[in-house]
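> Predicted model follows, preceded by the sequence.
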Amino acid sequence: MKQPNRRIDARRSKYVPPLVVLVVVVAGWYALAYSLDNNFASGDGSALIIPPPHQLFVGLNEATVDRIAAATWISLSTAVVGFMLAIVAGMALGIAMSVSRSLESALWPWLIAIQVTPIIVLTPIIIRVAGASFGARLTVTVLIAFFPIASNTLFGMRSVSAALHDVFTLTQASRWQRLTRLQLPAASPAIFAGLRVSAGLAVIGAIVGDFFFTRGTPGLGRLITFFFQDTRSGPMFVTALIAALIGLGFFVVVSLLRRLLVSPWHRP
Amino acid sequence: MAPSIAPRRTFLLLAASLVAVLAACTNTTSGGTASGSTPDSVTESATPANPRDLADVCISPVVVQTDWYPQAEHGGIYELLGNDYTVDAQRGATTGSLTFRGTDTGVDLEIRAGGPFIESPVVTEMFLDGGIMFGYVGTDVALSRYNEAPTLAVFNALTVNPQVILWNKAKHPKSTTIADIAGEVAAVSVFGDRPYMRFLVSKGVVPVDKVDTNYKGSLMLATDDVAHQGFVTSEPFRYTNLESGAIDTAYQLIHDAGWTSYPQNLAINKLRLDALRSCLARLVPMMQQAQIDFVSSPSRTIATLLDVVQQLDTTWSQSAELANYAVATMRQLGIVGNGNTPTFGDFESPRLDDFIARAIPILREQGLTVPDVTASDIATNEFLNPGITLP
Amino acid sequence: MAVSDPAIARLSNVGHHFGGTAVLSDVNLQLAAGEIVAIVGPSGCGKTTLLRITAGLLAPTRGEVSRPEHRIGFVFQEPALLPWRRVEANAHLLAASDDGSMVEQLLSVSGLADHRRKWPHELSGGMKMRLSLVRSLAARPQLLLMDEPFGALDQITRNRLHDEFASLHASQKFSALLVTHAIDEAVYLADRVLVMSGAPGRIMQEFDIDFARPRAAGLRYSPEFTSLCGAIAESLQLQAGRA
């Protein structure tokens, strides 16, 4: 086999499988939409339950776009700010526990307790206490998202080899230098693994948590239920798609940062 | 297309005896044009043989998709159910002979419970399942779904919407209107993003920051000092019979606050109008009469309702006391009533057009695509017997 | 440490135990300026502990240690590089900021100059070890402690590094304490070889290595070298048998 052919083969094997899956998914979507009994029994030929891809934007008039935009802003800002706070809180907790074993033994069981509790179901209580405010939305998001960052930071900080610690001890490095130049860089692969999980959780916290925020302008979660109640399958799917895109956006940003900061040097 | 409503009513007022002739001349209707005020005088010009025989004009079973579990608001339909009915608890369907005043009409009637028994709103079900002849469709929903799921209301079972906003009377003795109570409580709880609440907000009746879409049907006043949506036919009674302590409630009908939709119309899939026309002509007057018969003497049908609820075996409960309270309340408040015209169950086009003018901006603001429709697009009196009136 | 003391480091009656287990017992050792001392001994005799105590990474439970206050280098069994720093950054890690040119020289002497932009994971085992050594030497140590630094390498790489190390030592004149279990390595590099007993470790025998410097690879095949190695091996076997 000659070299150029092999390169084409390699390119093919990279792009063809995802394309095949995409085609299968879209075809499946169409098949589902058109196999449902009477899905198109409406007066104007639009779908009653599942809109096929080309009908996604039916009913997406200005007022609807405005509602989706407002909901996107609420959910996106909740997810972004909540994720930032979860990073700060998670890393602070992870670092604090890595520094002090007694702090770790005091906090760890509680963190586990928070982690295993489905925080979403506590949202009504959080709203009772904090009101249906942006702060309450952030609280839900942070509580859902911080744990993987905290535990992975702790794990990463602890994973630094004894020899590297000795190198820093011999140079009489300060605690701050040891933290910023040794432990945090060494922990960064683990922290990024935690970030990837937390990013998804932050989006879930912001969007699913929104179901419980029944006052004021709805976020994406509640808007989806409103569209569902009005049987507006197009806007409903578009809103769900935006929710998915936000999740994807978080994943891409975290992955890019990881590729920039960790991938060049890290070999798992 | 159905004739506009107002001219028709003028016809009736002019001379009932001329109507049949005129209607036949304009070729717009084949029934519902009888004169006289008793059901016995219901006539059908095309088939004079037996006016109570539906077998040759209707597909059996006649399926009615209701909007909720069986309750007194649906009494007029259950009134038409023969005693031979059976309940399919899986589907929430009750089926029996369609019986009018003791006479078997030759077809079956299937009444389907709504709520959790259906996956989609009633309108959607009507388009998904061709077997459904009638669905309960409020005027606001008819408008909001007109674009892709046009329905045509042929009979309004409830003239006035029984939906209210209610609150604890003892805690808020001075409040008599929704505007009053909205100024006193922290939240007005409703189910989802309801057009009527958007309307009340747009009119300044309820401040937007007090609207809470968290209502799930529970008796919230037992724990919260709020105002919430409910049905005047149910919640006030349930509150006074609360095990944890009776609560005296006060309320205002959203109808009286300006949201004047016809709440519970028997509507058909408009695309099937021609196919159903001859059946409707004979069946709709029976529905009119049955609703009147029910509220006049509800005991047999209430027993049916209670039995069906029991056989459906869900968390939904009814009692004879509640059902009787509902019937009495519906009569007392004019929820079941003739409205401004003597004909029972008709759509009054000034009211309907006025409501459409109020509702369309609200629905469009919600992002719904609503064409410029008029009363005759979504409702017709064509099949009603104008002579049937609630005494 | 006394100003007049000619020794760079000195251990007096040092003993150490972890919990109830005695690891070192009564160790006396001094290291003159520029001297290379190698320590051999059976596995688990406390050689690493001895290095750590000498470096100040561990306080002995008994005895006294004197050492320079600064500029102590330590080459660990593993290269202990910072994986998130490129080769050049790792080399500069411990160097004074105005020692840049010296670090560059070390990099080129050790053959790493062409690999300066690489990440540690892109280096071979020998290159990593050389970088570890460069990093330690870039700090201009007075005292360099080495814990089996060449242990994980193949023989050819190891021999080449021996010569590189020797030439670096010739130019920098640091004192070094080298723990190894390879007798030929000890003999080839050191001025003195100390044989330790099994746990608790103590210094049982001392061999002076008088081969002239610079030493050449051929030395390894000389009868003197071989017989010295034999003598040390014998002494070691005696210690292992006793343990």
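Done, it's in. Residues are numbered from 1 along each chain as shown, chains lettered A, B, ... in the order given.

> contacts, neighbours, all on C-alpha from now
Fine.

> Show the contacting residues for the residue in chain B positioned nearest to chain C.
Per CA to the nearest CA, the residue of chain B with the smallest distance to chain C is B:N214, at 51.5 Å. By CA atoms under 8 Å, 6 or more residues apart in numbering or on different chains, the contact set of B:N214 is A:212, A:214-215, B:189-192.

> Contacts for stretch B:372-380 next, please.
B:2-5, B:139, B:142-143, B:146, B:150-155, B:346-347, B:349, B:352-353, B:356.

> and the helix or strand in which A:I87 is found, what's its mean pLDDT?
Using DSSP states H and E, A:I87 sits in helix A:62-99. For helix A:62-99, the mean pLDDT works out to 95.

> List the residues that contact residue 145.
Just so you know, I chose chain A. Listed by CA under 8 Å, 6+ apart, the contact partners of A:A145 are A:83, A:86, A:198-199, A:201-202, A:205.

> oops, chain B please
B:123, B:370.

> Helices of chain C, start to end?
Residue ranges of the helices in chain C, as given by DSSP state H, are C:47-55, C:87-92, C:100-109, C:125-137, C:155-172, C:183-189, C:223-242.

> Any regions of the stretch 51-200 of chain B where pLDDT drops low?
Scanning the stretch 51-200 of chain B for pLDDT under 70 picks out the ranges B:51.

> Leaving out chain neighbours, which residue sits closest to residue 40?
Chain wasn't specified; assuming chain A. Distance criterion CA to CA, 6 or more residues apart in numbering or on different chains; nearest residue to A:F40, sequence neighbours excluded, is A:A47 at 4.8 Å.

> nope, chain C please
Spatial nearest neighbour of C:V40, excluding adjacent residues (CA to CA, 6+ apart): C:V195 at 5.1 Å.

> and the one you found, what pLDDT?
So, for C:V195, pLDDT stands at 93.

> And C:G20, by the same measure?
Reported pLDDT at C:G20 in the predicted model: 84.

> contacting residues around residue 229?
I went with chain A, as the question did not name one. With CA under 8 Å, 6+ apart, A:Q229 has these contacts: B:121, B:192.

> my bad, the chain I had in mind was chain B
Counting by CA under 8 Å, 6+ apart, B:Q229 has contacts B:163-166, B:188-191, B:215.

> Generate a ChimeraX selection restricted to the buried subset of those residues.
For the buried members of the contacts of B:Q229, the matching ChimeraX selection, counting by 16 or more other CA atoms under 10 Å in any protein chain shown, is:
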select /B:163,164,165,166,188,189,190,191,215
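
> out of the contacts of B:Q229, who's nearest B:G114?
Distances from B:G114 to the contacts of B:Q229, taken as CA to CA, are shortest for B:F191 (16.3 Å).

> Hmm, the closest one is touching B:Y215, no?
Yes. Using CA atoms under 8 Å, B:F191 makes contact with B:Y215 at a distance of 4.6 Å.

> pLDDT below threshold where in the chain?
Here I'm looking at chain A. Ranges of chain A meeting pLDDT under 70: A:1-5.

> Correction: the question concerned chain C.
For chain C, the ranges with pLDDT under 70 are C:1-5, C:241-243.

> most remote residue from it's center?
C:G20 (28.4 Å; CA atoms, centre = their mean).

> measure that residue to chain B for me?
Distance of C:G20 to chain B, computed by CA to the nearest CA, to the nearest Å: 66 Å.

> ditto for C:A9
Distance of C:A9 to chain B, given as CA to the nearest CA: 77 Å.

> what's the burial count for that residue?
23 (other CA atoms under 10 Å in any protein chain shown).

> what about B:I268, which helix or strand?
Going by DSSP H and E, B:I268 is in strand B:265-269.

> how about the nearest residue to C:R71, chain neighbours excluded?
Using CA to CA, 6+ apart, the closest residue to C:R71 is C:P141 (4.4 Å).

> how far away is the one you found from B:I247?
87 Å (CA to CA, to the nearest Å).

> which residues sit in contact with whichever residue of chain B sits closest to chain A?
The nearest approach of chain B to chain A comes at B:G367, 4.1 Å away (CA to the nearest CA). By CA under 8 Å, 6+ apart, the contact list for B:G367 reads A:59-65, A:67.

> change it to 7 Å
Each residue near B:G367 by CA atoms under 7 Å, 6 or more residues apart in numbering or on different chains is listed here: A:61, A:63-64.

> Ok, A:G156 next?
A:186-188, A:190-191.

> Which of those residues has the largest number of neighbours?
Top of those by neighbour count (other CA under 10 Å): A:I191, with 27 neighbours.
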